[in-house]
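>>> need the 3D shape of this:
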Amino acid sequence: MFGKNNFLCLTITIFLFSFSAEAQQMMKDMKMMDNNKITKAVCVIYPTEGNTDHGIITFTKEKNGIKVVADIEGLKPGEHGFHIHQYGDCSSKDGMSAGGHFNPDNMPHAGPTVKMRHEGDMGNITADANGKVHFEWTDNLLSFEGKHSIIGRGVIIHTVRDDLKSQPVGNAGARVGCGVIGIAK
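Numbering: from 1, shown residues only. Just a heads-up that it's a prediction; the model follows:
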């Protein structure tokens, strides 16, 4: 009997030791992940079928939020709706696979300066006479973490101006460009 109890104690000790080692490694991994927080993301915009727009959008974490810098070309001159969408899926020819606006808190559609809005409501970008856009905006609602994370979400460029009030998407028309937000160095 004494031998069985010693074996049982030894087995329990080994189990607890191995669990402790795994728990310690998990804690180290979590600290590494915490130290390697996402500070930058990128989105490459490709045209939907029949369109020519394309470009790069960067998202950089700053003190006051996420700075968005978009350089797009191939658009018709004028304003175009610019939104982060629910899914990072640009597989359909019309961009509809990206779903609706990213809206984790179930807010109404509005402009980017309104506090109660879809997180993905970025407003409008304006293409010059050559169809080029350079846009910069720092948004304090965007995040790289948790349920508000934009990582893996889609970005859609629309054919016309977002009116910033029509529900649920601002009457911005068809989707002329689509891209997926990914982690950058």
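
>>> use CA for all of it now, contacts and neighbours both
Noted.

>>> tell me where the chain has helices.
Assigned by DSSP state H, the chain shows helices spanning 2-35.

>>> list the residues that contact the residue nearest the centre of it.
Among the residues of the chain, the one closest to the centroid is residue 150, at 1.9 Å (CA atoms, centre = their mean). Residue 150 makes contact with 84, 142-144, 181 under the criterion CA atoms under 8 Å, 6 or more residues apart in numbering.

>>> surely residue 54 and residue 74 touch.
Yes - the criterion here is CA atoms under 8 Å, and residue 54 meets it with residue 74 at 6.4 Å.

>>> more crowded one of the two?
Between residue 54 and residue 74, counted using other CA atoms under 10 Å, residue 54 has the larger neighbour count: 21 against 17.

>>> follow-up on the earlier one: next, give phi and psi for the residue nearest to the centre of the chain.
Phi and psi for residue 150, reported as degrees, to the nearest 10, are phi -90, psi -10.

>>> quick one: it and residue 120, what's the gap?
9 Å (CA to CA, to the nearest Å).

>>> which residues do those two both contact?
With CA under 8 Å, 6+ apart as the test, residue 150 and residue 120 both reach 84, 142.

>>> residue 40 against residue 59, yeah?
Yes - shown here, residue 40 and residue 59 form a contact pair, counting by CA under 8 Å, at 5.6 Å.

>>> so those two - more neighbours on which side?
residue 59 (29 against 18).

>>> so how far is residue 53 from the more buried one?
Counting by CA to CA - residue 59 and residue 53 are separated by 19 Å.

>>> what do you get for residue 164?
For residue 164, the distance to residue 53 - CA to CA - is 22 Å.

>>> do residue 149 as well
26 Å.

>>> do the same with residue 175
11 Å.

>>> how about residue 123?
From residue 123 to residue 53 the distance is 18 Å (CA to CA).

>>> same check on residue 95?
Taking CA to CA, one finds residue 95 at 13 Å from residue 53.

>>> now do residue 185
25 Å.

>>> who has more neighbours, those two?
A direct count of neighbours by other CA under 10 Å for residue 185 and residue 53 places residue 53 higher, at 20 against 7.

>>> can you tell me the average pLDDT over stretch 149-157?
Taken as a whole, stretch 149-157 has an average pLDDT of 96.

>>> if you could redo that for stretch 109-128, that was the one I meant.
Here the average pLDDT along stretch 109-128 is 87.

>>> got the CA coordinates for it in CSV?
Below are the C-alpha coordinates for stretch 109-128, written out as CSV (Å, rounded to 0.1, in the frame of the first residue of the first chain):
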residue,chain,number,x,y,z
HIS,A,109,-24.7,55.8,-39.3
ALA,A,110,-23.2,59.3,-39.1
GLY,A,111,-20.1,61.3,-40.0
PRO,A,112,-16.6,60.7,-38.6
THR,A,113,-16.7,63.6,-36.2
VAL,A,114,-19.9,62.4,-34.5
LYS,A,115,-19.4,60.4,-31.3
MET,A,116,-22.4,58.1,-31.8
ARG,A,117,-21.7,56.5,-35.2
HIS,A,118,-20.6,53.2,-36.7
GLU,A,119,-17.0,52.7,-35.9
GLY,A,120,-16.4,52.2,-39.6
ASP,A,121,-17.9,55.5,-40.6
MET,A,122,-14.9,57.3,-42.1
GLY,A,123,-16.9,59.9,-44.1
ASN,A,124,-15.7,60.9,-47.5
ILE,A,125,-12.5,61.2,-49.5
THR,A,126,-12.2,63.7,-52.4
ALA,A,127,-10.6,62.8,-55.6
ASP,A,128,-9.0,65.6,-57.6
